[in-house]
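Engineer: Make a model of this:
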Amino acid sequence: MLKVDSIETYYGQSQILFGMSLLVEAGQVVTLMGRNGMGKTTTIRSIMGLTPARSGTITFMGDDIHAQASYRIAKAGIGLVPEGRQIFPNLSVRENLLAAADLKTQSDNPWTLDRAVELFPRLAERFGSMGDQLSGGEQQMLAIGRALMTNPKLLILDEATEGLAPLIRAEIWQCLANLKKEGQSILVIDKNIDALANIADHHFIIEKGKIVWDGTSPELLADEDLQHRYLGV
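Structural biologist: From the prediction side, this is the model:
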């Protein structure tokens, strides 16, 4: 579904990604893990066309997207839940969900307002509240719901549970597990190894702008030295 092949990305003269590659197959949950500052968010920005890669290729559903505008990449079927949530503070929950909704989708089971609040019942309770009146957890639920309302083929979450209370984190992980059961393809960045291992099919670890390891959940959990070397604080 998504293939990132040997991309190199810069901010000005500073190179951040060095031959970065990863793969997401249809229906998979795939993680991108690594310490802060290693290039995870830059990888997502490159995929979305926000910080285009200078070399390498990015293909989605067989089409080359690495030189396309961000809005075209989104329309192609990639939904992003960005780091920091970035919901619209002066719009209500309902308006946030509708802001980027794809109401003409050909999906057999499209995401609608009713389906979004069914996934996150707390949003139904705050339907008329402004974005800046929500808690951090509610904002993250709203950001996920907003991305799903685009009816994406691939959902990308950058720092899925950062800064959230344990109960809210558990709710987000359960949400992602439910989406996986429905066949939703997901690429997720987070630091919670145990939670990610429970839902993910494959993991990629990034160090200084390139992949240094990839493998399955059992392989990741069995290698404590690997976790300490690349993921420990």
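Engineer: Any buried residues in the lengthiest helix in the chain, and which?
Structural biologist: Counting by DSSP state H, the longest helix found in the chain is helix 166-181. Buried residues in helix 166-181, counted by 16 or more other Cβ atoms under 10 Å: 168-169, 171-173, 175-176, 179-180. For glycine as for every other residue, the C-beta is placed from the backbone atoms N, C-alpha and C.
Engineer: Please identify which of those is nearest to residue 27.
Structural biologist: Taking Cβ to Cβ as the measure, residue 27 lies nearest residue 180 of those, at 8.0 Å.
Engineer: Quick check: the gap between the closest one and residue 15.
Structural biologist: 34 Å (Cβ to Cβ, to the nearest Å).
Engineer: do the same with residue 92
Structural biologist: 42 Å.
Engineer: who's more crowded, the two?
Structural biologist: residue 92 (16 against 13; other Cβ atoms under 10 Å).
Engineer: Can you tell me the SS state at the nearest residue to the more buried one once chain neighbours are set aside?
Structural biologist: Distances taken as Cβ to Cβ, 6 or more residues apart in numbering put residue 128 closest to residue 92, at 5.4 Å, once the chain neighbours are dropped. Secondary structure assignment for residue 128 (DSSP: H, G, I helix; E, B strand; the rest coil): coil.
Engineer: okay, now residue 128: neighbour count?
Structural biologist: For residue 128, using other Cβ under 10 Å, the count is 10.
Engineer: I figured it hits residue 94, correct?
Structural biologist: Yes: the criterion here is Cβ atoms under 8 Å, and residue 128 meets it with residue 94 at 7.0 Å.
Engineer: what about the helices in the chain?
Structural biologist: Under DSSP H, the chain gives helices at 40-47, 70-76, 93-99, 113-119, 121-125, 136-148, 166-181, 193-199, 217-222, 224-231.
Engineer: How about the second one, which residues are buried there?
Structural biologist: Same thing as helix 70-76. So, applying 16+ other Cβ under 10 Å, buried residues of helix 70-76: 73-74.
Engineer: now do the shortest one
Structural biologist: Under the neighbour-count criterion of 16+ other Cβ under 10 Å, helix 121-125 has 122-123 buried.
Engineer: and it, average pLDDT?
Structural biologist: Taken as a whole, helix 121-125 has an average pLDDT of 90.
Engineer: Tell me the helices and strands packed up against it.
Structural biologist: In terms of contacts (3 or more Cβ pairs under 8 Å, 6 or more residues apart in numbering; DSSP states H and E), helix 121-125 is packed against helix 113-119, helix 136-148.
Engineer: closest one to residue 31 among those?
Structural biologist: Once the helices and strands packed on helix 121-125 are compared by Cβ to Cβ, helix 136-148 is nearest, at 16.2 Å.
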